[in-house]
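*Asks:* Okay, sequence plus prediction incoming.
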Amino acid sequence: MSANSARELQKIYGARFAQNLAYRRKVWNVLVPSFFQKYVALGDAVLDLGCGYGEFINTIRCGQKLAMDLNPDAPKYLDSSVRFLEQDCSSRWQVEDASLQVVFTSNFFEHLPDKAALGRTLDEIYRCLAAGGKLIAMGPNIKHLPGKYWDFWDHHLPLSETSLSEGLSNRGFEIVERIGKFLPYTMVGQREYPDILLKLYLRFPMAWRIMGKQFLIIAAKPRSVSPAGAN
């Protein structure tokens, strides 16, 4: 579920990202192999939730690729190997139980209308992950962006690494890793940096504490799950 219609999302993202799509791809071509690939095995089934223009799912190396978004423009940017799901993320997913090893999402949860919609989405993630499967979630941290967080029309749900971790724990997830300050806030309207600077940034977590405005959470579905699941 999004607080914005599919047509409105198409207009918002077309205007916001049209000018720097090439740079965004360059950034993700560094982020994925230099950082995120270590969480994904080559045989894993991976779903990119709120996939946008597919920068992550097109780049990650894995066994099966799925992507979900309400923006009707998204499929035009996805590789042919990616199965696209155009649906409300807070309703039942078109994915089998326990069939995914990884769900990845970046800068998406803040676009949901409320925590009820987020809760239903987390329940679907839990259902579709296999035991031991991981959710990798990144997003703007309201604790470090109290004003700028609201500079985007489609930001509705304020979250921190603490509040999201609590919501995940309440639904049966185990928090594996939690970083309150990871990447800088946004690439929109910002200077375009050389690849080497991003690679250096990823290697020095001390820099994250200065420049990081987004949280990163790795949460896992327990390997031993009670019949009642997370509910």
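*Replies:* Good, I have the coordinates.
*Asks:* Would you map the strands across this structure?
*Replies:* 45-49, 64-68, 82-85, 100-106, 129-140, 174-179, 214-220 (DSSP state E).
*Asks:* Of the ones you listed, flag the one that's most buried.
*Replies:* strand 45-49 (a mean of 25; mean count of other C-beta atoms under 10 Å). Quick note: C-beta positions are derived from backbone N, CA and C, even for glycine.
*Asks:* Next, the contact list for the spatially most central residue of the chain, please.
*Replies:* Central residue check for the chain by C-alpha atoms, centre = their mean: the C-alpha nearest the mean position is that of Thr105, 1.3 Å away. By C-beta atoms under 8 Å, 6 or more residues apart in numbering, the residues touching Thr105 are 48-50, 135-139.
*Asks:* What is the neighbour count of Ala41?
*Replies:* Counted with other C-beta atoms under 10 Å, the neighbours of Ala41 add up to 13.
*Asks:* hang on, isn't it packed against Gln101?
*Replies:* Yes - look at Ala41 against Gln101 with C-beta atoms under 8 Å: they come within range, at 6.9 Å.
*Asks:* Where in the chain is the helix or strand with the lowest mean pLDDT?
*Replies:* Ranking every helix and strand in the chain by mean pLDDT, DSSP states H and E puts helix 6-17 at the bottom, with a mean of 51.
*Asks:* residue contacts, the closest residue to Cys89 other than its chain neighbours?
*Replies:* Closest residue in space to Cys89, ignoring its immediate chain neighbours: Thr121 at 4.8 Å, by C-beta to C-beta, 6 or more residues apart in numbering. By C-beta under 8 Å, 6+ apart, the residues touching Thr121 are 1, 49, 89-90, 109, 112.
*Asks:* State the distance from Thr121 to Lys199.
*Replies:* 32 Å (C-beta to C-beta, to the nearest Å).
*Asks:* same check, this time on Ser224
*Replies:* For Ser224 relative to Lys199 (C-beta to C-beta), the value is 38 Å.
*Asks:* Those two: which is more packed in?
*Replies:* With neighbours defined as other C-beta under 10 Å, Ser224 and Lys199 compare such that Lys199 has more, 14 against 6.
*Asks:* Give the residue spans of this protein that score low on pLDDT.
*Replies:* The chain contains residues with pLDDT under 70 at 1-20, 186-191, 225-231.
*Asks:* can you give me the helices in it?
*Replies:* 6-17, 21-34, 55-59, 115-128, 161-170, 195-203, 205-211 (DSSP state H).
*Asks:* of all those helices, which gets the most neighbours per residue?
*Replies:* By mean count of other C-beta under 10 Å, the helices of the chain have helix 55-59 as the most buried, with a mean of 22.
*Asks:* Can you name every helix or strand that that helix contacts?
*Replies:* helix 21-34, strand 45-49, strand 64-68, strand 100-106 (3 or more C-beta pairs under 8 Å, 6 or more residues apart in numbering; DSSP states H and E).
*Asks:* Touching the third one from outside, list them.
*Replies:* Right, the one you point to is strand 64-68. Contacts of strand 64-68 (C-beta under 8 Å, 6+ apart): 44-51, 54, 57, 74, 78-79, 81-87, 89, 93, 95, 100.
*Asks:* pretty sure Leu21 contacts Asp73?
*Replies:* No - between Leu21 and Asp73 there is no contact under C-beta under 8 Å: 11.2 Å.
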